[in-house]
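Asker: need a structure here:
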Amino acid sequence: MENSKLIKIATYYNQFDAELAKLKLEENGIYCFLKNEYVAQLQFGIANFELMVNSDDKETALKYLETDEDITREN
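Answerer: The predicted structure is shown next:
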């Protein structure tokens, strides 16, 4: 994990979907955070929520997110 870097795995256009995806990953032990979270809250409709994870966790995180068909993502 020393060489891993943070990468974007999804972009969300509303806070509810972004928080739901983040919670799902955290419940499964994957470190993640929402980039632009506060900017998106201040500038509704302009900024997007970007879900960031360690590059080492990318494949696992995507598998967890794909199991929930209600979440709309853009890679």
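Asker: what residue lies at the spatial centre of this protein?
Answerer: residue 51 (2.2 Å; Cα atoms, centre = their mean).
Asker: so it is in which element?
Answerer: Residue 51 is located in strand 49-54, with elements delineated by DSSP states H and E.
Asker: same check, this time on residue 23
Answerer: Applying DSSP H and E, one finds residue 23 within helix 15-27.
Asker: got any ranges where this protein has weak pLDDT?
Answerer: Low-confidence segments of the chain (pLDDT under 70): 1-2, 38-47, 68-75.
Asker: show me the contacts for the nearest residue to residue 49 once chain neighbours are set aside.
Answerer: In space, not counting the residues next to it along the chain, residue 49 is nearest to residue 18; the distance is 3.6 Å by Cβ to Cβ, 6 or more residues apart in numbering. For every residue, glycine as well, the C-beta is placed using N, CA and C. By Cβ atoms under 8 Å, 6 or more residues apart in numbering, the contact list for residue 18 reads 12, 34, 37, 49, 51.
Asker: residue 21 is in contact with the last one, correct?
Answerer: Which is residue 51. Yes - under the criterion of Cβ atoms under 8 Å, residue 51 makes contact with residue 21 at 5.6 Å.
Asker: need the overlap of contacts for those two.
Answerer: Both residue 51 and residue 21 are in contact with 10, 12, where contact means Cβ under 8 Å, 6+ apart.
Asker: I'd like the distance between residue 37 and residue 59.
Answerer: Separation of residue 37 from residue 59 (Cβ to Cβ, to the nearest Å): 24 Å.
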